[in-house]
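> All I have is the shape, not the residue letters:
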């Protein structure tokens, strides 16, 4: 009887171990300067609302769970203006690299999702505040250095 129980447990472990793992794998984190240059928007935002949704066509094309997050921009380096409210879409966080948006304030590194929204994930430098404070300081230094290099008449975009 013991050998039968051992056999069943062994088969169960092997079967469970064979199931595909759906996990997010991120490459090595890039520097603040590289991320700033690579992203379409970089800002600090306060969460206004978080809504679960499904994205994708459905049917054979499939759909996936996502979160739509509205944020009030409190400080901006690129892509958005401080004082505005913007939308960020991210995965649900179940192995899809979605950023959790736990807490109130976040430093967001984002790329364009569609004409009305941005997207971010845990593989970008997006992080909750105050953990984003060192990036915030580095971003401000990058902006000052760029402003000095460009000159006073070239620091504002049209």
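Thanks, I have the structure now. All values derive from a computational prediction rather than experimental measurement. Numbering: from 1, shown residues only.

> mind checking pLDDT for residue 13?
Looking at residue 13, its pLDDT reads 39.

> same thing with the one 5 residues further on?
As summarised for this prediction, residue 18 has a pLDDT of 38.

> Work out for me the element residue 138 sits within.
helix 133-150 (DSSP states H and E).

> can you pull out the strands in the chain?
Using DSSP state E, the strands found in the chain span residues 41-58, 62-78, 85-91, 105-114, 117-119, 127-128.

> possible to save the ones you listed as a markdown table with mean pLDDT, distance to residue 24 and mean neighbour count?
Glycine gets a C-beta too; all of them are placed from N, C-alpha and C. Below are those laid out as a markdown table (pLDDT from 0 to 100; distance: least, C-beta to C-beta, whole Å; neighbours: other C-beta atoms under 10 Å):
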| stretch | mean pLDDT | distance to residue 24 | mean neighbour count |
| --- | --- | --- | --- |
| strand 41-58 | 89 | 17 | 16 |
| strand 62-78 | 91 | 13 | 17 |
| strand 85-91 | 96 | 8 | 21 |
| strand 105-114 | 96 | 16 | 20 |
| strand 117-119 | 95 | 14 | 20 |
| strand 127-128 | 96 | 15 | 16 |
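
> Just tell me which of those strands ends up closest to residue 23.
When the strands of the chain are compared by C-beta to C-beta, strand 85-91 sits nearest residue 23, at 12.1 Å.

> hang on, the earlier thing: quick check: which of the strands of the chain is nearest to residue 34?
Using C-beta to C-beta, the nearest of the strands of the chain to residue 34 is strand 105-114, at 10.4 Å.

> Give the partner strands of the closest one in its sheet and their orientations.
Neighbouring strands of strand 105-114 in its sheet, by DSSP bridges, are strand 41-58 (antiparallel), strand 117-119 (antiparallel), strand 127-128 (antiparallel).

> circling back to that earlier point, so for the helix holding residue 138, what's the average pLDDT?
Here the average pLDDT along helix 133-150 is 79.

> For residue 31, which of the strands of the chain is the nearest?
Across those, closest to residue 31 is strand 105-114 (C-beta to C-beta), at 11.6 Å.

> what's the angle between that closest one and strand 62-78?
Comparing the axes of strand 105-114 and strand 62-78 via axes from the mean of the first three to the mean of the last three C-alpha atoms, to 10 degrees yields an angle of 120 degrees.
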